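*Asks:* got a predicted model here, sequence first, then my questions.
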Amino acid sequence: MLDNLDGFIKALDLQMKSALNLQQVAVAAPKPEDEQLYCPKCSGFRRMKIIALHPHGIASRVWKQRNQSQLRNIPAFEIQPIENEQPSMFCLSCTQCDDRFTALIYVGPKGAELAIFSVSAGGLTTRNTDKNVAYFLDQAYKCQGGGAITGAIVMYRAALEQLLTQQGYPTKNLANKIKSLEEDIKNGYGSGHKWVHEIDVGFLKVIKDLGNESIHVNSGDTDTLAIIDAKLLAEVQVLFIELLDLVYEKPGQRAERLKMLQDAHSQVKP
Ligand SMILES: [Zn+2]
């Protein structure tokens, strides 16, 4: 995935070798996710084309001789020593909708860091996501893009709270909203929205708990937050995409399908 520095450099390397027709020297065939990033316009993970705007800073191309049997050196993108290095800048383009992103690799307090900014607002939204839920998802996306992973988790928790409020759980805090939803599950179909009976409530609880831990470090040691990394955030994203699809997209799709079948039936019946 392109949303972390190692993943970005790997994708850059793969695309450069591909452009130079050097696929045969790539160490392994790329997996689809190697070159993907969430595209807010497509509402899904899409392959991104990377265009180098200023590739000669902290992330630079170097020429390497892989082994003696290769007559020519091959290029590789690498993070350079941080002393006096300039930022490197890239443009990402969604291969499906052409939506654009700016990726910046800069020298931060701990060395090279990656920031990605989208021209489209909305973060993880889908076509019919409620606008107030989308607001928090956009904030989460911006936190994530700037490398504030803990902040992103807190915003995903806020988005979940807003989603449950919007779906008819007005009680004051997220734990109580989830309890009310569990009551609906216990009461069976007909109680609450249909999607409530199709979700594993454990997913909602884990987003709540991760958000709580991110904002109240009860151990007093922020080092414990290191577990919240880009990989964990990617899992939260996948989970949220499934939730948005279930809540905001599936009901409309089912209604559309039913109407299509009913229309077909009305035309064939005698
Ligand atoms: Zn797209």
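*Replies:* Good, I have the coordinates.

*Asks:* name the single longest strand found in this structure.
*Replies:* Identified as the longest strand of the chain according to DSSP state E is strand 44-54.

*Asks:* can you pull the residues of the stretch 51-200 of the chain lying near the ion?
*Replies:* Selection of the stretch 51-200 of the chain residues close to the ion by Cβ under 5 Å from the ion yields 94, 96-97, 99. C-beta here means a position set from N, CA and C on the backbone, and glycine is covered the same way.

*Asks:* a markdown table for these, including pLDDT, secondary structure and neighbour count?
*Replies:* As requested, these are arranged in a markdown table below (pLDDT from 0 to 100; DSSP: H, G, I helix; E, B strand; the rest coil; neighbours: other Cβ atoms under 10 Å):
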| residue | pLDDT | secondary structure | neighbour count |
| --- | --- | --- | --- |
| 94 | 94 | strand | 23 |
| 96 | 93 | coil | 13 |
| 97 | 93 | coil | 14 |
| 99 | 91 | coil | 18 |
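
*Asks:* farthest pair in those?
*Replies:* 96 and 99 (8.5 Å; Cβ to Cβ).

*Asks:* overlap in contacts of the two?
*Replies:* Both residue 96 and residue 99 are contacted by 39, 42, under the criterion Cβ atoms under 8 Å, 6 or more residues apart in numbering.

*Asks:* state the distance from residue 32 to residue 101.
*Replies:* With distances taken as Cβ to Cβ, to the nearest Å, residue 32 is found 18 Å from residue 101.

*Asks:* of these two, which one has the most company?
*Replies:* Neighbour comparison, residue 32 and residue 101: the larger count goes to residue 101, with 21 against 9 (by other Cβ atoms under 10 Å).

*Asks:* could you point out which element follows the helix or strand where the more buried one lies?
*Replies:* Element membership for residue 101, per DSSP states H and E: strand 100-108. Going down the chain from strand 100-108, the next helix or strand is strand 111-118, by DSSP H and E.

*Asks:* so which elements touch the strand holding residue 101?
*Replies:* helix 5-19, strand 88-94, strand 111-118 (3 or more Cβ pairs under 8 Å, 6 or more residues apart in numbering; DSSP states H and E).

*Asks:* can you show me the CA trace of the first one as PDB?
*Replies:* The reference is to helix 5-19. Presented in PDB, the C-alpha positions along helix 5-19 are these (Å, rounded to 0.1, in the frame of the first residue of the first chain):
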ATOM      1  CA  LEU A   5       7.000   5.400   3.400                       C
ATOM      2  CA  ASP A   6       8.200   1.900   2.900                       C
ATOM      3  CA  GLY A   7       5.200   1.000   0.700                       C
ATOM      4  CA  PHE A   8       5.600   4.200  -1.300                       C
ATOM      5  CA  ILE A   9       9.300   3.600  -2.100                       C
ATOM      6  CA  LYS A  10       8.500   0.000  -3.100                       C
ATOM      7  CA  ALA A  11       5.700   1.200  -5.500                       C
ATOM      8  CA  LEU A  12       8.000   3.900  -6.900                       C
ATOM      9  CA  ASP A  13      10.700   1.300  -7.500                       C
ATOM     10  CA  LEU A  14       8.200  -1.100  -9.200                       C
ATOM     11  CA  GLN A  15       6.800   1.600 -11.500                       C
ATOM     12  CA  MET A  16      10.200   2.900 -12.500                       C
ATOM     13  CA  LYS A  17      11.400  -0.600 -13.400                       C
ATOM     14  CA  SER A  18       8.200  -1.100 -15.400                       C
ATOM     15  CA  ALA A  19       8.600   2.200 -17.300                       C
END
